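Visitor: Prediction below, plus the sequence it came from.
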There are 2 protein chains.
Amino acid sequence: MKNNEYKHCGLNVALTILSGKWKPMILYYISHTPEMRFTELWRIIPKITKKVLLDQLKQLEADGLILRQEKSGFPPEVSYQISEKGHALSPVLSALEEWANVHVSEKVEQFEQESGTRRWRRNGR
Amino acid sequence: MKNNEYKHCGLNVALTILSGKWKPMILYYISHTPEMRFTELWRIIPKITKKVLLDQLKQLEADGLILRQEKSGFPPEVSYQISEKGHALSPVLSALEEWANVHVSEKVEQFEQESGTRRWRRNGR
DNA sequence: CAAGAAGGTCACATATATGTAACCTGTTCA
DNA sequence: TGAACAGGTTACATATATGTGACCTTCTTG
């Protein structure tokens, strides 16, 4: 170890921002639709709870990856869009995905099968 | 939503593999040293516990990002190296890091300051 | 007038990740 | 002989993330 200290906080920050059981899926749907309404998103994503969906949306919004737009009136009408930051992230996410498909394809296939059933973070493996 | 289902499990797998409070740092040090011994790593990384360091090393090894090499004899001598998979990942991680530095630089700076103090996953924000 | 609509909150329960400290292994060295 | 060494395990405690269900709003419709 010369003087190469660990100064790569950006990586930690990025991973923190992305960490959340449903975030990749949420980002995916939001970035592939011009205006995604809350309820539609909830309908599309199989097993998430309203509360958790809301939590993760709030985090994504706070981190600037998505934009929330609220039209006044009743019933409420809220929709989400991908932001510029979020858009800038997507090639990087594709690269990550590509890496996984090439280098850990067994795990990817396994994941596809268990999908919806499994728990997110490990340690129980 | 046409028929564009979410089939991007690779991203989930990659993020799962990378998720762990100390993994980016561990990966960094291992990939920047030809042979990193357990104890040296432990000495270098400020506040991690032996147990947690071991856990994360095991996960990284199980996921194939690093290689563990054990020389027989006493006292034990174990060293870690980056694997080919791990090596292949590093440009992607750099891209992530770059994204963070460009798009969420405030958070990165904040992270640098709190470093070591802060907790990893949020929700308490 | 009761129920359903969309988006959201709250209090609480469970699951998973991380941390703390004690203990174990055979050499070597004082 | 007993302390230090490197790497590791174990039982337990705490922190954080996710899940469940009840409740709230105000307008519209049956």
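Guide: On my side now, so go ahead. Numbering: from 1, shown residues only, chains lettered A, B, ... in the order given.
Visitor: Helices of chain A, start to end?
Guide: Listed in chain order, the helices of chain A (DSSP state H) span A:9-18, A:23-31, A:38-44, A:50-62, A:84-103, A:105-114.
Visitor: With distance to B:Leu67 added, can I get those in CSV?
Guide: Glycine gets a C-beta too; all of them are placed from N, C-alpha and C. Supplementary listing: those in CSV, determined by distance: least, CB to CB, whole Å:
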stretch, distance to B:Leu67
helix A:9-18, 21
helix A:23-31, 28
helix A:38-44, 41
helix A:50-62, 35
helix A:84-103, 14
helix A:105-114, 18
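Visitor: Tell me which of those approaches DNA strand C most closely.
Guide: helix A:38-44 (2.9 Å; CB to the nearest atom of the strand).
Visitor: ok, back up a step: which one of the helices of chain A lies nearest to B:Asp63?
Guide: Closest to B:Asp63 of those is helix A:105-114 (CB to CB; 7.6 Å).
Visitor: buried set for that closest one?
Guide: A:107-108, A:111 (16 or more other CB atoms under 10 Å in any protein chain shown).
Visitor: ok, now stretch A:51-66?
Guide: For stretch A:51-66, burial by neighbour count (16+ other CB under 10 Å) applies to A:53, A:56-57, A:59-60, A:63, A:65-66.
Visitor: And the furthest pair within those?
Guide: A:Leu53 and A:Asp63 (15.9 Å).
Visitor: Out of the buried residues of helix A:105-114, which are close to chain B?
Guide: The overlap between the buried residues of helix A:105-114 and the neighbours of chain B (CB under 8 Å from any CB of the partner chain) comes to A:107-108, A:111.
Visitor: how about those in TSV, adding pLDDT?
Guide: Shown next, in TSV, are those (pLDDT from 0 to 100):
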residue	pLDDT
A:Lys107	93
A:Val108	93
A:Phe111	87
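Visitor: Around DNA strand D, which positions in chain A sit nearby?
Guide: By CB under 7 Å from any atom of the strand, the residues of chain A that approach DNA strand D are A:19-22, A:47-52, A:55-56, A:73-75, A:120.
Visitor: Swap in 6 Å and give it another go.
Guide: Within chain A, the positions near DNA strand D by CB under 6 Å from any atom of the strand are A:20-21, A:48-49, A:51-52, A:74-75, A:120.
Visitor: Whichever of these end up buried, select them in ChimeraX.
Guide: Buried subset of those, written as a ChimeraX selection, criterion 16+ other CB under 10 Å:
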select /A:20,21,48
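Visitor: Nearest to B:Val92 among the residues of chain A next to DNA strand D?
Guide: The closest of the residues of chain A next to DNA strand D, once distances to B:Val92 are taken by CB to CB, is A:Gly20, at 19.3 Å.
Visitor: From B:Asn12, how far off is the closest residue in space to the closest one that isn't next to it in sequence?
Guide: In this structure, A:Gly20 finds its nearest non-sequential neighbour in A:Gln56, 5.1 Å apart by CB to CB, 6 or more residues apart in numbering or on different chains. To B:Asn12, A:Gln56 is 14 Å away according to CB to CB, to the nearest Å.
Visitor: Same question for A:Leu93.
Guide: Distance from A:Leu93 to B:Asn12, by CB to CB: 11 Å.
Visitor: now A:Val104
Guide: 11 Å.
Visitor: helices or strands next to the worst-scoring helix or strand of chain A on mean pLDDT in the packing?
Guide: Between all helices and strands in chain A, the lowest mean by mean pLDDT, DSSP states H and E belongs to helix A:105-114, at a mean of 88. Packing partners of helix A:105-114 (3 or more CB pairs under 8 Å, 6 or more residues apart in numbering or on different chains; DSSP states H and E): helix A:84-103, helix B:9-18.
Visitor: could you give the mean pLDDT of the last one?
Guide: When pLDDT is averaged over helix B:9-18, the result is 95.
Visitor: cool, stretch A:36-55 as well?
Guide: 94.
Visitor: which residues touch it?
Guide: Under the contact criterion CB atoms under 8 Å, 6 or more residues apart in numbering or on different chains, stretch A:36-55 has outside partners A:21-22, A:25-26, A:29-30, A:57, A:77-81, A:116, B:1, B:123.
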